[in-house]
Structure formats: C-alpha cells, structure tokens
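Visitor: got a predicted structure here, sequence first:
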Amino acid sequence: MKTAMENRLLLLMLVGIVAGGVSGYVWGESMQSVAWLGELFLTTLKMLIVPLVAASVITGVAGLGDVRKLGRMGGYSVAYYACTTFLAVSIGLVMANLWQPGVGVSLSDNLTAPTPGVGDVGLTDLVLSLVNPNIIAAAADMKLLPIIVFCIAFAAALSTLGERGQPVVRFFEGLNEAMMKLVEWVMVFAPIGVFALIASKLGAAGGGDAFFAQLAGLAKYALAVISGLLTHALALSLILLLLARRSIMEYLKHMAAALMTAFSTASSSATLPMTLEGVKNAGVPENSRRFVLPLGATINMDGTALYEAVAVLFIAQAYALDLGFGQQMVVLLTATMAAIGAAGIPEAGLVTMVIVLEAVGLPLEGIGLILAIDWFLDRCRTTINVYGDSVGAAVVGRLTGNRHFSD
C-alpha cells in the first residue's frame with residue numbers, strides 16, 4: 001500500500017513538473033501569481049527542520065548502541081561511512097566548480113550580493129560555528145551546525161547510560177516517527193508546490209531564449225551531478241579493490257540486482273533485503289554484512305550528500321552569489337553531518353537540501369528549478385548510496401580480520 005502511494009505521489013509530481021514547465025513557457029511572468037504556493041510549500045518544510053534534525057540525528061546515533069562498546073567493527077563502520085560521505089561532498093564541490101552549471105541561469109535580477117549569513121568564513125570561524133552558547137537561540141536562528149553537533153554528543157551520552165537513558169531515547173524515537181509522518185503529509189502537497197515553484201521560476205524568464213537558457217542550465221546541472229556520482233562510484237570501486245581486495249567486476253555482478261532495485265525504488269531501506277542477498281552471494285562474512293548494511297541504510301547518504309553540494313553551488317551561481325572557500329567548507333561540513341541521521345526521512349534529499357541552504361544563507365526559492373529533474377537524480381544517488389553500503393560491508397569484513405568469505 002505504501003509503495004502504491006509513493007508511486008502515485010511520484011506520478012503526480014511528474015505531472016506537476018511538466019505542467020509547471022509548460023505553464024512557465026506559455027504564460028511567462030503571469031505565473032508569478034502562483035509563486036506563493038511554492039513559498040508556502042518550502043516554508044512548511046522549513047518549519048519541520050529543527051525537530052526533524054534533532055530527532056533523526058539522536059535516534060540514528062543512539063541506535064548504534066553504547067559508543068564505548070562499538071568495538072573494531074563499529075569503529076571501522078562509522079569511520080568508513082564518515083570518510084566516504086566527506087569524500088562524496090568534496091567530489092560534488094569539485095564538480096560544481098568545474099562545470100559551473102548555474103552560470104548564465106538567472107533566478108533573480110536584483111539579488112547580486114551575498115545575503116546575510118554568507119560572509120567570508122575563516123578556519124577559526126568555521127570551528128567556532130560548531131558550538132553555540134545557547135542551543136535554543138541556535139534553533140531559533142536556524143544555525144544547524146551547532147544543533148547537529150549537540151545532538152550527536154547528546155545521543156552519544158545517552159548511549160552510555162544503559163536502561164536509564166532508554167526513556168529519553170524512546171521519546172526521540174517517537175518524535176522521529178511523528179516528524180516523519182508530518183513530512184509524509186507535507187509531501188501530499190508536493191505536486192502543487194512543485195508546479196508553483198517551477199512555473200514561477202521558469203515563467204520569470206519571460207519565455208524565448210531566456211526560458212531555454214534555464215533548461216540548458218538544468219541539463220548542465222544534471223550532468224554535473226551524474227559525473228560526480230560516477231566519479232564517486234569509481235572511488236568506491238578503488239576502495240573495494242585496495243582495502244577489501246575484491247574483484248570489482250565480480251562484486252558488481254553479485255550486486256547488480258540490488259543496484260537496479262535501488263534505482264527503481266529510490267529507497268536504500270527498501271533495497272536492504274536485496275543488498276543483504278547480494279553481498280552474501282559475493283562472500284562477505286555474515287557478521288559484517290548484518291551489522292554494516294543496516295547501519296549504512298540508516299546513516300550513509302554518499303550520493304545524496306554529493307548531490308546537495310552540487311545543487312547548493314548551482315543555486316548560488318544562478319543567483320550570482322560567490323561562495324568562497326570558507327562557505328564551501330560550511331557546505332561540506334553541514335552536508336556530511338546531516339547525512340548521519342537523515343537517511344530514513346522520506347524525500348530525504350529535499351529536506352536536507354533545505355538544511356544546507358539555510359546553513360549558508362541561500363534563498364530557498366532556488367530549489368524550485370532543480371525539482372524539475374530531482375525525481376531522476378534521486379534514483380541515481382540512491383544507487384550510489386546502496387553501492388557504498390555494499391562496499392563498506394566488504395571493507396569492514398576484511399579490516400576486522402574476517403577474511404574467510406563464507407558463512
């Protein structure tokens with residue numbers, strides 16, 4: 001039933017995308033009259049961010065168990081996922097700087113200077129931004145980095161309390177479920193919101209050459225994301241070869257069904273049974289695959305984090321805003337840390353995109369244009385997420401001394 005509802009939502013969003021594009025071309029600037037619907041959709045998502053981030057990060061980290069007892073397998077798993085996510089965001093930033101997909105795509109004629117919060121950021125400023133003396137004030141100001149850091153530390157502390165900490169963990173688990181349900185309800189409005197965002201953004205171009213320039217920029221953005229995902233897939237394959245000592249082609253043969261399932265469902269969690277079967281057939285030891293893969297489906301978002309890095313720079317370039325090295329490091333940190341607890345969120349890429357844009361002070365309205373291609377890129381990045389999980393199982397299995405690949 002849930003899959004059928006998701007398929008209907010996807011179909012309606014595709015209808016909204018096409019209708020928005022056609023309406024923007026035919027009626028041009030008059031489609032600004034529906035822009036408020038898109039703004040309402042984004043504002044509603046923004047309203048959910050702080051409780052959603054807090055609940056998902058705390059439950060994600062607490063779900064690892066006592067951080068003091070993770071052992072070698074837990075330590076290697078967390079280190080692998082953190083490093084590969086960091087690598088993915090770095091590749092995304094490099095691709096966005098190389099392709100410059102947003103240059104020439106005008107989303108606004110009057111926004112030519114950095115908005116408040118996007119000033120020059122030095123190394124010490126970056127470190128200091130990780131903590132805040134008043135976490136409530138940070139939440140009110142949408143300063144998400146200190147919130148994520150606090151939630152990670154808080155969850156780690158909870159994990160050491162044993163039974164005494166379980167009531168608090170269960171509270172946040174309930175809060176997380178409630179927030180995910182709210183996101184599901186908001187996504188029912190997504191087709192209308194997507195239609196309004198795309199129609200108003202493309203309509204603002206006024207038709208003609210400017211309209212097609214927007215579409216050309218969107219194609220260039222998609223190519224930047226896909227080239228980044230392919231580069232990261234190559235990096236993961238090299239990790240598989242060098243650290244796990246596995247044949248890349250042989251491993252891909254066993255994982256082919258899981259990767260195709262990931263592309264078709266756009267869900268790491270839904271693909272998990274196929275992923276478990278694939279790595280089993282590839283000879284990954286049982287204790288490694290049964291620990292690493294469920295953990296990866298929860299906290300690993302390599303593809304999504306990479307996509308967000310490209311998207312944020314695309315939006316900045318389209319608004320003619322120059323994000324310097326410091327601001328791009330904020331993107332790097334925020335996208336990496338948000339990946340810890342957000343993977344189980346429905347439409348995780350869209351929600352965490354709002355998080356990253358808020359972190360560097362970019363206008364949320366820029367999301368309107370990239371939503372036109374997001375349904376396809378979502379499938380591409382989920383495939384990379386699943387491949388990263390499977391490589392992690394093989395790597396951790398070998399690093400922890402499980403070199404006999406059989407049950």
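Guide: All right, it came through fine. Keep in mind the model is a prediction, meaning the values are calculated, not measured.
Visitor: just the mean pLDDT for the helix or strand where M47 lies, thanks.
Guide: Using DSSP states H and E, the element containing M47 is helix 35-62. In this model, helix 35-62 carries a mean pLDDT of 84.
Visitor: how about that helix: buried residues?
Guide: Going by neighbour count (16 or more other CB atoms under 10 Å), the buried part of helix 35-62 is 35, 37-39, 41-42, 45-46, 48-62. C-beta coordinates here come from the backbone N, C-alpha and C atoms, glycine included.
Visitor: other SSEs contacting it?
Guide: helix 144-159, helix 166-188, helix 190-203, helix 325-342, helix 348-359 (3 or more CB pairs under 8 Å, 6 or more residues apart in numbering; DSSP states H and E).
Visitor: tell me which of those sits nearest to G217.
Guide: Each of the helices and strands packed on helix 35-62 was scored for nearness to G217 using CB to CB, and the closest is helix 190-203 (11.0 Å).
Visitor: tell me how far the closest residue in space to L87 that isn't next to it in sequence lies from F154.
Guide: Distances taken as CB to CB, 6 or more residues apart in numbering place A235 nearest to L87, at 6.2 Å, with adjacent residues excluded. The gap separating A235 from F154 is 32 Å, by CB to CB, to the nearest Å.
Visitor: one more: M13?
Guide: Plainly put, M13 is 35 Å away from F154 if you go by CB to CB.
Visitor: look at the two and report which has more neighbours.
Guide: Neighbour count, other CB atoms under 10 Å: between M13 and F154, M13 has more, with 21 against 18.
Visitor: that one: what's it in contact with?
Guide: Neighbouring residues of M13 by CB atoms under 8 Å, 6 or more residues apart in numbering: A190, P191, V194, W375.
Visitor: again with A266
Guide: Listed by CB under 8 Å, 6+ apart, the contact set of A266 reads D378, R379, T382.
Visitor: which one (most neighbours) among the residues you listed?
Guide: Within these, most neighbours by other CB under 10 Å means T382, with 26 neighbours.
Visitor: isn't it up against F263?
Guide: Yes. The pair T382 / F263 is scored as a contact, 7.0 Å apart, by CB atoms under 8 Å.
Visitor: tell me which element the residue most central in space within the chain is part of?
Guide: Nearest to the mean C-alpha position of the chain, by CA atoms, centre = their mean, lies T304 at 3.5 Å. Using DSSP H and E, T304 falls within helix 302-318.
Visitor: give me the distance from that helix to the chain's centre.
Guide: 9 Å (CA atoms, centre = their mean, to the nearest Å).
Visitor: so it versus helix 348-359, what angle?
Guide: 50 degrees (axes from the mean of the first three to the mean of the last three CA atoms, to 10 degrees).
Visitor: put the alpha carbons of helix 302-318 into CSV.
Guide: Only the C-alpha atoms of helix 302-318 are listed here, as CSV (Å, rounded to 0.1, in the frame of the first residue of the first chain):
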residue,chain,number,x,y,z
ASP,A,302,27.0,9.4,-0.1
GLY,A,303,25.0,10.1,-3.3
THR,A,304,22.6,12.4,-1.6
ALA,A,305,25.3,14.4,0.1
LEU,A,306,27.2,14.8,-3.2
TYR,A,307,24.0,15.9,-5.0
GLU,A,308,23.4,18.6,-2.3
ALA,A,309,26.9,20.0,-2.7
VAL,A,310,26.4,20.4,-6.5
ALA,A,311,22.8,21.8,-6.0
VAL,A,312,23.9,24.4,-3.4
LEU,A,313,26.6,25.8,-5.7
PHE,A,314,24.3,25.7,-8.7
ILE,A,315,21.7,27.8,-6.8
ALA,A,316,24.5,30.2,-5.6
GLN,A,317,25.8,30.6,-9.1
ALA,A,318,22.3,31.2,-10.5
